[in-house]
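>>> Curious how this folds, go ahead:
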Amino acid sequence: MKVLITGVAGFIGFSVAQRILRMGFSVLGIDNLDPYYSTSTKQSRIQSLFKFKSFQFLPISIFDISNSIPSHFRPDLIIHLAALPGIAHSLAHPGSCLQTNTVGTVSVLEFARVRKVSKILFSSSSSVYGNSNLPFSESDSTIIPLSPYAVSKKSAEMLMSNYHHLYGINILIFRLFSVYGPESRPDLVIQKFFNQIHTGKPCLIYGDGNLERDFTFIDDVIDGLMKGIHYLESNSSQRILEIFNIGSGKSVPINKILEILKSGLKRNFEVRYLEKREEDARITLADISKAYKFLEYSPKVEIEEGISRLIDYHKYIEL
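Below is the predicted model of the structure:
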């Protein structure tokens, strides 16, 4: 199988690429190595993927996808992960967020239409739910997003739906819930706290620390995506447009995360509570029953184990 992965140098893109390359798939990865965070980290990930002979890489933007990818290349599957992430970042840069995440998705969909790609996996976000009823179900209304980032992801979902109905592309949309793990983005809350503790800086919390998040370990997310690929392959004769929550199915208070980190790192640290941000949902909690029913998705890594793995990873790379 030939797979095109957008955002291949990102946290999730790199992990997906590793998994499917080990399965013997052929991968063309693209990434513009945006300096949203360390480009050296992204470059290091790409270099490690070159150990697989079936991996190719183009340092391009999703806006250049049709012009820069050779005309003879027609993937069997697109995994569209490229995005300008971050809820807080989107408040400061709403235009660039919408341009990349929404208009950029049109570019990917047009590539799929012209090259006659029949299958797409798209990574959306739990942020589209806003403050919906709990737990968040795929059938819930998502018309009141709380940030430009959430708007951009909801708009991209609608574009995916439109291209499915107009052009028959089979599409799975995965709403990912607070993904964490070794090598995660530095702005993601668990990694951010770890970095602040490690460098002796205070942990900054917006609100009273009682906001709750459904944290999902990266291995469980990748397992979900792999099951999505199998689902598309097994049902290729059908028209498919489905949305799945990929979470842990459990919510954890932010203060609890600090307790787990304190126990795992065995050190004290300062915590500063700041004014709550209006763009932050009170709680995120995934109803994962649909993903279990159709994909047999069943997350296995509890939050204590996941944070322990993150801590052990950083101990290893510092040796």
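>>> residues in contact with stretch 229-237?
I20, L77, S118, K119, L121, N170, L172, I240, F294, L295 (Cβ atoms under 8 Å, 6 or more residues apart in numbering). Using the backbone N, CA and C atoms, a C-beta is placed for each residue, glycine as well.
>>> you'd agree the second one is up against V3?
Yes: with contact defined as Cβ atoms under 8 Å, L77 and V3 form a contacting pair (5.0 Å).
>>> Helices of the stretch 201-319 of the chain, start to end?
218-234, 254-265, 289-295, 303-318 (DSSP state H, counting those that start in this stretch).
>>> Ok, the stretch 51-200 of the chain next?
65-68, 87-92, 94-98, 104-115, 148-167, 189-198.
>>> Just put those helices in a markdown table and tack on mean neighbour count, distance to Q43 and mean pLDDT.
Shown next, in a markdown table, are the helices of the stretch 51-200 of the chain (neighbours: other Cβ atoms under 10 Å; distance: least, Cβ to Cβ, whole Å; pLDDT from 0 to 100):
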| stretch | mean neighbour count | distance to Q43 | mean pLDDT |
| --- | --- | --- | --- |
| helix 65-68 | 14 | 19 | 95 |
| helix 87-92 | 17 | 21 | 85 |
| helix 94-98 | 17 | 22 | 93 |
| helix 104-115 | 19 | 21 | 98 |
| helix 148-167 | 20 | 25 | 96 |
| helix 189-198 | 19 | 19 | 91 |
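>>> These: which one's closest to R272?
helix 189-198 (9.9 Å; Cβ to Cβ).
>>> CA atoms only for the closest one - export them in CSV, please.
Taking C-alpha atoms only, helix 189-198 is exported to CSV below (Å, rounded to 0.1, in the frame of the first residue of the first chain):
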residue,chain,number,x,y,z
VAL,A,189,-0.1,20.5,28.8
ILE,A,190,1.7,17.4,30.2
GLN,A,191,4.9,18.0,28.2
LYS,A,192,4.7,21.7,29.1
PHE,A,193,4.5,20.9,32.9
PHE,A,194,7.3,18.4,32.5
ASN,A,195,9.6,20.9,30.8
GLN,A,196,8.7,23.6,33.4
ILE,A,197,9.5,21.3,36.3
HIS,A,198,12.7,20.0,34.6
